[in-house]
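In: Give the three-dimensional model of this entry:
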Amino acid sequence: FIANYGLVPGENEKEWIDWRNPIKYVSKIRKDLPILILQGGKDIRVTPYQGYNMLKALRTNGNKVDYYEFPNGNHCLGNIKQRDAHIIDWLES
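Out: Sure thing, here's the model as predicted:
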């Protein structure tokens, strides 16, 4: 992150993280674009609290969003066997 993305430890961490906060850009997402959020309950990179905040922001913005939380899921949900089937079902619906 330091070499490729402009993070300067001790100088710009707060601004660097704030600039990448996806909630700041919700208003730019088309309202006719269906959105699927899959959240791992044990995700330590994007916590369930952050997932709920994004869900709320999207719904407040008028976006159609489906949200599913896997209580034992990690960040990429690689430990959830039905992850891919869930995505495929959503895409086909």
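In: Neighbours of residue 52, how many?
Out: The criterion is other CB atoms under 10 Å. On that basis, residue 52 has 14 neighbouring residues. Glycine gets a C-beta too; all of them are placed from N, C-alpha and C.
In: name the helices or strands packed onto the helix or strand containing it?
Out: In this structure, residue 52 is located in helix 48-61 according to DSSP states H and E. With contacts defined as 3 or more CB pairs under 8 Å, 6 or more residues apart in numbering; DSSP states H and E, helix 48-61 has these neighbours: strand 35-40, strand 65-70.
In: contacting residues for the spatially most central residue of the chain?
Out: Among the residues of the chain, the one closest to the centroid is residue 51, at 5.8 Å (CA atoms, centre = their mean). For residue 51, the contacting residues are 37, 39, 43, 67, 69, by CB atoms under 8 Å, 6 or more residues apart in numbering.
In: Among these, which one has the most neighbours?
Out: Ranked by neighbour count under the definition other CB under 10 Å, those are headed by residue 39 with 21 neighbours.
In: State the distance from that one to residue 11.
Out: With the distance defined as CB to CB, to the nearest Å, residue 39 ends up 32 Å from residue 11.
In: list the buried ones in the helix or strand hosting residue 89?
Out: Residue 89 is part of helix 83-92, with elements assigned from DSSP H and E. Of the residues in helix 83-92, those buried by neighbour count under the rule 16 or more other CB atoms under 10 Å are 83, 86.
In: Outside of that helix itself, list whatever touches it.
Out: Residues from elsewhere that reach helix 83-92 (CB under 8 Å, 6+ apart): 36, 38, 66, 68, 70, 73, 77.
In: For that helix, give the mean pLDDT please.
Out: The average pLDDT for helix 83-92 rounds to 97.
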